[in-house]
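Asker: Provide a 3D model corresponding to the input given below.
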Amino acid sequence: MLEVAERLFAERGIDAVSSAEIIEAAGQRNKNAVHYHFGGKEGLVRAIAEHRSGALNAHRSEMLHDIRTRGATGDASAVCATLVVPLAELLDDPSNNFLGFLARYHLDRSRRRLVDSVDPRLTESYRDAARILRRSSNLSRADFETRFALVLDMIFTALAGREADERAGDRSARPALIQNLVGCVVGCLCP
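Answerer: Just a heads-up that it's a prediction; the model follows:
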């Protein structure tokens, strides 16, 4: 049911998909399956976010650990790459719809309370990268936080767009997109 809901949310948006549609598309006979397993649609959305975030967080944390081990925390490009690369690698899995889900989830400002309800251990690597970048930035805390939120919007939507393009057969632009995306993140956060 998680994968079906993730795909439907990525395709149409979270609010555009009903629990009944998810249950039907997942082949569930129990009309209350979403409520039974997840406590409702909001619980299902949180479960999808948590299901994928653990592996992404672990990968990003490994990258940050490597940067620290090399003494390269001043390398803004390397630190910014930790925000892009783990997500970009999801493009290699054609059955994964998390990028589209994540773009819609993050851009829906009404879901901010839900973002805050995701286990903070699963998103710690984002905060860790932000702390490193904030220390090397000349921006005020408020400006940095605003730009960091904008950067996440940009990363999620750009990669979701790339995912859609690749599913339509265009695989040529991925390396350039990733390189340019990292460059944009550096430019936004480390002026």
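Asker: Buried ones in the longest helix seen in the chain, by neighbour count?
Answerer: Using DSSP state H to define each element, the chain has its longest helix at helix 41-69. Within helix 41-69, the residues scored as buried using 16 or more other C-beta atoms under 10 Å are 41, 44-50, 52-53, 56-57, 59-61, 63-64, 67. C-betas here are computed from N, CA, C, even on glycine.
Asker: Give the burial count for Glu124, as a bare number.
Answerer: 15 (other C-beta atoms under 10 Å).
Asker: That one contacts Leu64, correct?
Answerer: No. Taking contacts as C-beta atoms under 8 Å, Glu124 lies outside contact range of Leu64: 9.9 Å.
Asker: Assign the residue lying farthest from the centre of the chain to helix, strand or coil.
Answerer: Distance from the C-alpha centroid of the chain, by C-alpha atoms, centre = their mean, peaks at Arg29 (31.3 Å). State at Arg29, reduced to three classes by DSSP: H, G, I helix; E, B strand; the rest coil: coil.
Asker: Now Arg70, what are its backbone angles?
Answerer: The phi and psi values for Arg70, taken as degrees, to the nearest 10, are phi -80, psi 0.
Asker: per-residue confidence for Arg112?
Answerer: On the pLDDT scale, Arg112 is placed at 59.
Asker: scratch that, Asp66
Answerer: 97.
Asker: separation between Arg171 and Val85?
Answerer: Applying C-beta to C-beta, to the nearest Å, the value for Arg171 to Val85 is 17 Å.
Asker: And the two? Which one has more around it.
Answerer: The neighbour comparison of Arg171 against Val85 (other C-beta under 10 Å) goes to Val85, with 16 against 11.
Asker: quick check: angle from the strand or helix carrying Ala5 to helix 41-69?
Answerer: Ala5 is located in helix 2-12, with elements delineated by DSSP states H and E. With axes from the mean of the first three to the mean of the last three C-alpha atoms, to 10 degrees defining the directions, helix 2-12 sits at 90 degrees from helix 41-69.
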